[in-house]
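Q: Next one to model:
(one chain, ligands or ions: 3)
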Amino acid sequence: MDSISRPVTEFCLDLYNKLNRNAEDTNIVFSPMSISVALALVHLGAKNNTAAQIEKVLHVRKAAEQMSLGSDLESAAPEKELERSQGREPSLAQCNKDGDLNHTAFHELLLQLQNLGESYVLTLANNLFMQQGFEVRQQFLMCTKELYGAMLQTVDFHGALEAARIKINAWVESETQGKIKELFAPGVIDINTVLVLVNVIYFKASWEYKFEEQKTVQRDFKLNQNEKKPVQMMYQKGMFKLGYIEEMGAQVLELPYAEKSLSMIILLPGDMADGSTSGLQQIESAMTYENLTLWASSEHMFETRVEVYLPRFKLEGTFNLNEVLQEMGMTDIFTESKADLSAMSFAKSLVLSNVVHKTYVEVNEEGTVAAAGTGAVIVRRSLPLTEVFMADHPFLFFIRHNPTNTILFFGKLCSP
Ligand SMILES: *[C@@H]1O[C@H](CO)[C@@H](O)[C@H](O)[C@H]1NC(C)=O
Ligand SMILES: *[C@@H]1O[C@H](CO)[C@@H](O)[C@H](O)[C@H]1NC(C)=O
Ligand SMILES: *[C@@H]1O[C@H](CO)[C@@H](O)[C@H](O)[C@H]1NC(C)=O
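A: Ligands and ions are numbered 1, 2, ... in the order given. Below you'll find the model as predicted:
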């Protein structure tokens, strides 16, 4: 499973750096895991250079740099063979085609995430909406469904755009239990659209150690050097894992979710005595894969008594990823003369029109799902030393699946 953790984290940092450009004071949240899965799904339909570029963006391509991309990806023969032998069901093994993307590893991660237990609601939905009239390969439909639980639906962007838009929005709304409405506003998709990848994720979980609601008080959150705003600040004192990034005076706190399957890790810059967001930028510029992994590792943190102040917050992020994915190197799939989606469809002219990602994260005293067996009071030996973790200024956070060390969500909170 480690094979997934690293690529997802690297992709996460690449994407964060892109999304964070010109977004100094803006909240950000996205799910690198979920976008990676969505791109892996598209990879099932891609060949040659188009597939190789996806592998590169997802950081799964091995020793690729000096090799002419594509040359090792052309052996599509077994699949053609298979499709010709009529009546025979293509097998799942066939889905793991040539190339460096290990679909089995992504599939297994998804299976684990589906079994987080009752304290978690994690809805991850991928869907491809294709212009009707394109013939889709059976093998592709089977593989996307079996590996990624994904669907491909046909709509008529050319002839009935508004109906297509409403259909997509309705699907998203139902997949997210009504939390995400109107994914596409009118006018966002146009009649030249042929293929849209929609990727939504909705998450709610209860904390392992809940915040008591009556301890939440209004406090100021410093937006920057000069501005502040009142927020609902949650409070609790307890034993938590805490670490320091000495060089920057930043704190790292781990807040576990139920049964500790997932944790929220918060990277909090030192207080802003010397000015606004510079602390945040210091963390951002040192945030390599190695550093991030180290900062949030259990070796780097120690369990201690901490007074935690954390604002209640709700974040929604919607991104049309076309542009950033192209900047990251996935260009062919968006270009009509270059896109090779021949494992998806027989049609030559198929090209990806839009990649849309939407994330919704809510943080409050308990999460939402009522946990069974409340009332247990955990009494702890009190230690003389209590650390204070005061998240009253902008910070970074991520939500990690602990067994696989995978980053499910990554975000920046500038204004709760
Ligand atoms: C694969 O890509 C290479 C380089 O872009 C190209 O020369 C070759 O013709 C492509 N092969 C197929 C089967 O499309
Ligand atoms: C792909 O991932 C699975 C599950 O993690 C692993 O068992 C398998 O060895 C991997 N395959 C390759 C070719 O790396
Ligand atoms: C890693 O983090 C340390 C601070 O802990 C920093 O001094 C160093 O420059 C960072 N490394 C990179 C490559 O940014």
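
Q: Am I right that residue 112 falls within a strand?
A: No - assigned with DSSP: H, G, I helix; E, B strand; the rest coil, residue 112 falls outside any strand and is helix.

Q: so where's this protein uncertain?
A: Residue ranges of the chain with pLDDT under 70: 1-2, 63-91, 96-98, 272-277, 367-384.

Q: what does it put close to ligand 2?
A: Contact residues, the chain versus ligand 2 (Cβ under 6 Å from any ligand atom): 1, 3, 102, 104-105, 108. Backbone N, C-alpha and C define where each C-beta goes, glycine included.

Q: Just the closest of those to residue 295, please.
A: residue 1 (20.8 Å; Cβ to Cβ).

Q: For the residues of the chain next to ligand 2, pick the one with the most neighbours.
A: residue 105 (19 neighbours; other Cβ atoms under 10 Å).

Q: which element is that one on?
A: Using DSSP states H and E, residue 105 falls within helix 103-114.

Q: Toward the C-terminus from that helix, list the very next helix or strand.
A: Immediately after helix 103-114, counting by DSSP H and E, sits strand 120-131.

Q: Compute the distance between residue 222 and residue 279, please.
A: To residue 279, residue 222 is 11 Å away according to Cβ to Cβ, to the nearest Å.

Q: Between these two, point out the one with more neighbours.
A: Each of residue 222 and residue 279 has its neighbours counted (other Cβ under 10 Å); residue 279 has more, 23 against 15.

Q: Mind giving me the packing neighbours of the longest strand belonging to the chain?
A: Taking DSSP state E as the criterion, the chain has its longest strand at strand 228-245. Packing partners of strand 228-245 (3 or more Cβ pairs under 8 Å, 6 or more residues apart in numbering; DSSP states H and E): strand 217-222, strand 250-256, strand 302-311, strand 387-390.

Q: could I get these as CSV with distance to ligand 1?
A: As requested, the helices and strands packed on strand 228-245 are exported to CSV (distance: least, Cβ to the nearest ligand atom, whole Å):
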stretch, distance to ligand 1
strand 217-222, 51
strand 250-256, 44
strand 302-311, 50
strand 387-390, 52
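
Q: all helices in this structure, in order from the N-terminus.
A: Under the criterion DSSP state H, the chain contains helices at 2-20, 32-43, 48-57, 77-84, 103-114, 138-148, 161-175, 278-286, 289-295, 322-327.

Q: Any idea which of these gets closest to ligand 1?
A: Shortest distance between ligand 1 and the helices of the chain, using Cβ to the nearest ligand atom, is found for helix 48-57: 3.7 Å.

Q: Give me the contact list for that closest one.
A: 11, 14, 39-40, 42-43, 46, 61, 64, 69-70, 73-74, 99-101, 325, 328-333, 338-341 (Cβ atoms under 8 Å, 6 or more residues apart in numbering).

Q: Look up the closest residue to residue 34, ignoring the ones flanking it.
A: residue 201 (4.3 Å; Cβ to Cβ, 6 or more residues apart in numbering).

Q: And the residue of the stretch 301-416 of the chain closest to ligand 2?
A: For the stretch 301-416 of the chain, Cβ to the nearest ligand atom, closest residue to ligand 2: residue 404, 9.6 Å.

Q: hang on, isn't that residue packed against residue 5?
A: Yes - counting by Cβ atoms under 8 Å, residue 404 does reach residue 5; the two are 5.9 Å apart.

Q: Show me which residues of the stretch 301-416 of the chain sit near ligand 1.
A: Residues of the stretch 301-416 of the chain found near ligand 1 (Cβ under 6 Å from any ligand atom) are residue 340.

Q: rewinding a little: which elements pack onto the helix holding residue 105?
A: Going by 3+ Cβ pairs under 8 Å, 6+ apart, helix 103-114 lies up against helix 2-20, helix 32-43, strand 120-131, helix 138-148, strand 395-401.

Q: Please identify the deepest-packed of those.
A: helix 32-43 (a mean of 26; mean count of other Cβ atoms under 10 Å).

Q: and it, how far from the chain's centre?
A: Centroid displacement of helix 32-43 relative to its chain, using Cα atoms, centre = their mean, to the nearest Å, is 9 Å.

Q: Ok, stretch 9-22 next?
A: 11 Å.
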